[in-house]
Each structure stands twice: as structure tokens, then as C-alpha cells.
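A.B. asks: Whatever this is, show me its structure:
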Amino acid sequence: MGGARGASCASGRPVGRLPGPGDSLVEALAAAAAGVAAASGARLVVLVDGRSGTGKTTLGDSLADRLGAQVVHLDDVYPGWDGLRAAAEAVVTDVLGERSGYRRWDWATSCPAEWATVDPGRPIVVEGCGALSRDSAPLASLRVWLEADDDTRWERAIGRDGESFAREWDRWAAQEAAFIAAERPAELADVVLRT
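C.D. replies: The predicted model follows:
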């Protein structure tokens, strides 16, 4: 993820302190999430959302490492190129719900694959577009929304995923736009970062 250029509390909910001089962004976010979970006595759950190419995977992996948490990448959950909404629902009903797992999607065969189990007793980070919705927000200790300009997002996403994603960019972007319009995840976030 590129360096954070700005951070703000979007929801007004207390999430601990934001980074000060000498603090790492990941350390500050991890401390905030851990503090909220400890105060509530609930499982530590971090949701990292944003459009393609904003740095969700990098931040999600870093937070999971810092927190000793398991991580679920929604890229493994989306059931194909038209599956953003289905994955958003699976976050609530399966990943964080009673099923404690998800059906992995095999992108090579374009078919559902094995069931992946998550440990309901361990901290968890869920990252991907669709992670932060009106239904998932109440289940989280920390909700993060990432933003970046369109040119930067394109360069990052296509640089990572290549021509296969370039062909699907508009199709996927339309789903992102529909999800954002319906769920307004930036307004649900505790922290909004521009990367």
C-alpha cells in the first residue's frame, strides 16, 4: 500500500488514537482495534474495504500479522466476476456468521472449490471490496475504508493482476459502484485513508 496521505474518523465512533509522530499506521490501527475489542469483550474483527487497487490486501495482511489474526481475502470468496454482492453477504452469513468459513472460488476453473474454515475464536481481518456493509459493520472492532485516485488504482491493479483483470475492469468497477451507492461503506468506516 502506498503511504497514507490522510486519515480521518468517518463515523465519529471512538477507535483509539490515530498515528502520531513516529507511529506506524499499522501499529496505530492494530492498537485501536485491539482496544475496542478488549473494551467490548467481543472477538477482534477488522474490516478493510475500498475499490480495486487501493491497497486493501497489503493493509489487511499487515494488520493480520501485527494482530496475530487470520485473514480472509475476498478475492478467494467472490464467486466469479459478477460475485461482489454475494461475497459481501457471505462475510456476514458465513465468514463472521455461524458457518465460520466460506466456499473458496477457483479462478482457474471458474467453479466453486473447497470449504475454507475460519476459527471463530481467533481475531480476524477481512479485506476486499464488499467487506464493509451495513450488515457487517456492527460485527467489527475496526472498519477501514481506503481510497486512491483512478489512475493509481488502475496501475496497481493491472500491474498486479495483468490483462485478465484489464478485460474485466469495467464490469468489476460497475459492481463496486453499485455496492458503494447501496452500502455507503466510507460512511460506515471508523477510519478513511487515502493511499
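A.B. asks: use CA for all of it now, contacts and neighbours both
C.D. replies: Noted.
A.B. asks: which residue packs closest to residue 53, ignoring adjacent ones?
C.D. replies: residue 153 (4.1 Å; Cα to Cα, 6 or more residues apart in numbering).
A.B. asks: Quick check: that neighbour touching residue 56?
C.D. replies: No: using Cα atoms under 8 Å as the test, residue 153 is too far from residue 56 to be in contact (11.2 Å).
A.B. asks: ok, these two, which is more surrounded?
C.D. replies: Using other Cα atoms under 10 Å, the more surrounded residue of residue 153 and residue 56 is residue 56, with 26 against 18.
A.B. asks: That one contacts residue 49, doesn't it?
C.D. replies: Yes: using Cα under 8 Å, residue 56 is in contact with residue 49, at 6.3 Å.
A.B. asks: Spell out which residues are contacts of both of the two.
C.D. replies: 127, 128, 146 (Cα atoms under 8 Å, 6 or more residues apart in numbering).
A.B. asks: residues contacting the spatially closest residue to the first one that is not a sequence neighbour?
C.D. replies: Spelled out, that is residue 127. What sits nearest to residue 127 in space, not counting adjacent residues and going by Cα to Cα, 6+ apart, is residue 48, at 4.6 Å. Contact analysis of residue 48 by Cα under 8 Å, 6+ apart lists 56, 59-60, 125-128, 131-132, 143-146.
A.B. asks: following the least confident helix or strand in the chain by mean pLDDT, which helix or strand comes up?
C.D. replies: The helix or strand of the chain with the poorest confidence is strand 6-8; it has a mean of 39 (mean pLDDT, DSSP states H and E). Counting by DSSP states H and E, the next helix or strand C-terminal to strand 6-8 is helix 25-40.
A.B. asks: Past that next one, which element shows up next along the chain?
C.D. replies: Next helix or strand after helix 25-40 toward the C-terminus (DSSP H and E): strand 45-50.
A.B. asks: For the following helix or strand past that following strand, which residues meet the burial criterion?
C.D. replies: Using DSSP H and E, the helix or strand that follows strand 45-50 in sequence is helix 56-67. Under the neighbour-count criterion of 16 or more other Cα atoms under 10 Å, helix 56-67 has 56, 57, 59, 60, 61, 62, 63, 64, 67 buried.
A.B. asks: Specify the helix with the largest residue count in the protein.
C.D. replies: helix 163-183 (DSSP state H).
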